[in-house]
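# Provided below are the primary sequence and the corresponding predicted coordinates.
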Protein chains: 2
Amino acid sequence: MEDVIRSLGFLCLGSRLKRIGEQLQADTQRVLDRLDVPVQSSQYPLLAALDRLGPLPVGELAQALGIAQPGITRSVALLAEPGLVEVSRSNNDQRRRIVSLTRNGRRLVDAAKRDVWPGIEKAVADLCADLSGPLLDQLAAIEDGLAVAPIDRRVRNAVGAV
Amino acid sequence: MEDVIRSLGFLCLGSRLKRIGEQLQADTQRVLDRLDVPVQSSQYPLLAALDRLGPLPVGELAQALGIAQPGITRSVALLAEPGLVEVSRSNNDQRRRIVSLTRNGRRLVDAAKRDVWPGIEKAVADLCADLSGPLLDQLAAIEDGLAVAPIDRRVRNAVGAV
DNA sequence: TGACTTTACATATACTGTTATATATCATAT
DNA sequence: ATATGATATATAACAGTATATGTAAAGTCA
């Protein structure tokens, strides 16, 4: 069966990037599940942003992550429930709500940085390592590579079963 | 403000691809709105699949588009409501539901193929034309290019305002 | 000071995708 | 013919994102 998205080339590039991105996230989810913390793979960029940049108000988190503000509000609520982040009002400006990692949140980020993220980064980097040339060719190679072995299996192979 | 997703490189490649894909779809949406038909940009791949491959059952549409079957079922329902596609039972196998373009659906696809798709494809192709080298660099160039001029503006510049 | 605008965030709704499960039809074996 | 298993699709529940809109705080200017 023809892969229509692929055949359509640049016309469907948006759908194709989204599809690959979703597959990468789903693969990564299976790796992160090992930490058995109730956090979706898509929430980690927010934690990483707080780790890199320190406490931030909602709006600046939206900027840093390139997603819309309502998405941040909801993610923060999801992460606050298990106590990974906490929110406090700014002193200067009572409208701003500053998001920061809790002690548990910091512990999770540190564990992820030490035990999981390097493996994921390496697996994805290897997947893309030999690629060169036109974008569409590289995307096809990634799709083919993921079909052969998804990210979670590449990570497992690299670091040994956990 | 630092773009954390971009800084994290391969670790967040999934989030990044998804983000770029969604932006491309949103830009494209604004171009397609000229046809003023109640169809989301993300539905066009399904219409294009029916155009390329002819009437197809739900399961084969899922394969052709690389998304899960329930997604197809719902998209078909959405497209059937404004009368762009119709569904009939297979003669051989009463379980299979064959999706096909209606007369209006075909008219829409033909108009899109003639008036809109070529401009979009060219705009995206130009955006990606000069790219070469590592994937992350190409993605950064695409993001920068879209920030300078989104797809819908590139299309408008190319073909003149409609 | 009081009215208007802007900013920061929350909430509501819609769209798309997923997995899990239910239902209907087909194929097959007794 | 009928029970059993496989297959095709629908439905439900859940997660993520987007836009639109509401609310409250801050800023601006007569």
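Right, received. Where do you want to start?

# quick one: secondary structure of the most centrally placed residue in chain A?
Closest residue to the average C-alpha location of chain A: A:Ser42 at 4.5 Å, with CA atoms, centre = their mean. With DSSP: H, G, I helix; E, B strand; the rest coil as the basis, A:Ser42 sits in helix.

# Identify the residues contacting it.
A:25, B:15 (CB atoms under 8 Å, 6 or more residues apart in numbering or on different chains). To be clear about C-beta, it is placed using only N, CA and C from the backbone, and glycine gets the same treatment.

# how close does it sit to DNA strand C?
Distance of A:Ser42 to DNA strand C, computed by CB to the nearest atom of the strand, to the nearest Å: 12 Å.

# How about A:Ala125?
With distances taken as CB to the nearest atom of the strand, A:Ala125 is found 24 Å from DNA strand C.

# cool, and A:Leu61?
8 Å.

# Validate this expectation: that residue resides in a helix.
Yes: remark: A:Leu61 belongs to a helix, assigned using three-state DSSP.

# so how many other residues sit close to it?
A count of neighbours around A:Leu61, defined by other CB atoms under 10 Å in any protein chain shown, yields 26.

# ok, it touching A:Val99?
Yes: with contact defined as CB atoms under 8 Å, A:Leu61 reaches A:Val99; the gap is 6.2 Å.

# Mind listing the shared neighbours of those two?
Taking CB under 8 Å, 6+ apart as the criterion, A:Leu61 and A:Val99 both touch A:50, A:76.

# And the helix ranked longest in chain A, what does it pack against?
In chain A, with assignment by DSSP state H, the single longest helix is helix A:13-32. Packing partners of helix A:13-32 (3 or more CB pairs under 8 Å, 6 or more residues apart in numbering or on different chains; DSSP states H and E): helix A:4-7, helix A:117-129, helix A:135-148, helix A:151-159, helix B:13-32.

# and the helix or strand where A:Ile98 lies, anywhere near chain B?
For A:Ile98, the enclosing helix or strand under DSSP states H and E is strand A:97-101. No: judged by CB under 8 Å from any CB of the partner chain, strand A:97-101 stays clear of chain B, getting no closer than 13.4 Å.

# Please verify my assumption that A:Ala140 contacts A:Ser7.
No: applying CB under 8 Å, one finds A:Ala140 not in contact with A:Ser7, separated by 11.0 Å.

# what sits against the nearest residue to A:Thr28 once chain neighbours are set aside?
Counting by CB to CB, 6 or more residues apart in numbering or on different chains, A:Thr28 lies nearest to A:Ser41, which is 4.6 Å off, once chain neighbours are set aside. A:Ser41 makes contacts with A:25-26, A:28-29, A:32, B:14, as judged by CB under 8 Å, 6+ apart.

# Pick out the residue of chain A closest to DNA strand D.
Closest residue of chain A to DNA strand D, CB to the nearest atom of the strand: A:Gln40 (2.7 Å).

# number of nearby residues for that residue?
For A:Gln40, the count of nearby residues is 14 (other CB under 10 Å).

# Spatially nearest residue to A:Cys128 (excluding sequence neighbours)?
The spatially closest residue to A:Cys128, leaving aside those adjacent along the chain, is B:Leu135, at 5.0 Å (CB to CB, 6+ apart).

# ok, the one you found touching A:Asp130?
No: counting by CB under 8 Å, B:Leu135 does not reach A:Asp130; the two are 10.7 Å apart.

# Please, which helix or strand holds the most far-flung residue of chain A relative to its centre?
Going by CA atoms, centre = their mean, the residue of chain A most distant from its centre is A:Asn92, 32.0 Å out. In the assignment (DSSP H and E), A:Asn92 maps to no helix and no strand.

# Please report the distance of it from A:Val58.
Taking CB to CB, to the nearest Å as the measure, A:Asn92 falls 15 Å from A:Val58.

# one step back: looking at the helices and strands packed on helix A:13-32, which is buried most?
Highest mean neighbour count of those: helix B:13-32, a mean of 22 (counted as mean count of other CB atoms under 10 Å in any protein chain shown).

# Confirm that A:Ser88 lies within a helix, as I assumed.
No: looking at A:Ser88 with three-state DSSP, it is strand, so not inside a helix.

# Quick one: residues contacting it.
By CB under 8 Å, 6+ apart, the neighbours of A:Ser88 are A:97-98, A:100.

# among those, who's most crowded?
A:Ile98 (18 neighbours).

# Tell me the predicted confidence for that residue.
What the model reports for A:Ile98 is a pLDDT of 92.

# Ok, A:Leu32 next?
For A:Leu32, the model assigns a pLDDT of 81.

# low-scoring pLDDT stretches of chain A, where are they?
Counting by pLDDT under 70, chain A contains low-confidence residues at A:35-36, A:157-162.
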